Each structure stands twice: as C-alpha cells, then as structure tokens.
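In: this is a predicted model, with the sequence first.
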Amino acid sequence: MNATAGDRLLVHGSTVGERDRTGVIIEVRGPNGGPPYIVRFDDGHTALVFPGPDSVIVPQ
C-alpha cells in the first residue's frame, strides 16, 4: 500500500452497522509511500494509522 499526502483513506466498517470512515492523508511516515500515515478524518480528529486489509487508498 503506497500513498502520498493529499490522498484519501477509506476504512470500511468491520462489523454490521459500523460506518465507513474517510479522511485525508496529511503525512506519510513510512518509506516509499508506505504506512504509517497521519490521517485527518472527516469527523475532525487526526490519528496515526497503520491501514489494514479493510482500507483503501484513493489517489487524488
């Protein structure tokens, strides 16, 4: 999984009824565009994220 700052991260809900979360990658901390990423989610919080198999990078 490779990303650049400005790409969007989509994390699918892992249980029934859990909503998907989306946010903008504001910093890439791994080598060659790899994780971890600093993500500002649409609800306003910022987190260090190691995306799992339920995540998708949407290039911008």
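Out: Alright, I've got the coordinates.
In: measure residue 40 to residue 26 for me?
Out: The spacing between residue 40 and residue 26, counted by CB to CB, to the nearest Å, is 5 Å. Yep, even glycine has a C-beta here, placed from its N, CA and C like the rest.
In: mutual contacts of those two, please.
Out: Both residue 40 and residue 26 are in contact with residue 46, where contact means CB atoms under 8 Å, 6 or more residues apart in numbering.
In: top strand in the chain by residue count?
Out: In the chain, taking DSSP state E as the definition, the longest strand is strand 21-28.
In: just give me how far the helix or strand that comes right after that one sits from the chain centre.
Out: Proceeding C-terminally, strand 21-28 gives way to strand 37-41 as the next helix or strand, assigned by DSSP states H and E. Here strand 37-41 shows a centroid-to-chain-centroid distance of 6 Å under the convention CA atoms, centre = their mean, to the nearest Å.
In: could you give the average pLDDT over the following helix or strand past strand 37-41?
Out: Later in the chain than strand 37-41, the nearest helix or strand by DSSP H and E is strand 46-49. Within the predicted structure, the mean pLDDT of strand 46-49 is 98.
In: stretch 5-14 too?
Out: Rounded mean pLDDT across stretch 5-14 is 94.
In: now it: how far from the chain's centre is it?
Out: Once both centres are worked out by CA atoms, centre = their mean, stretch 5-14 turns out to sit 4 Å from its chain's centre.
In: can you check stretch 23-38 too?
Out: On CA atoms, centre = their mean, the centre of stretch 23-38 falls 8 Å from that of its chain.
In: mind listing what's buried along the longest strand of the chain?
Out: With burial defined by 16 or more other CB atoms under 10 Å, the residues of strand 21-28 counted as buried are 21, 23, 24, 25, 28.
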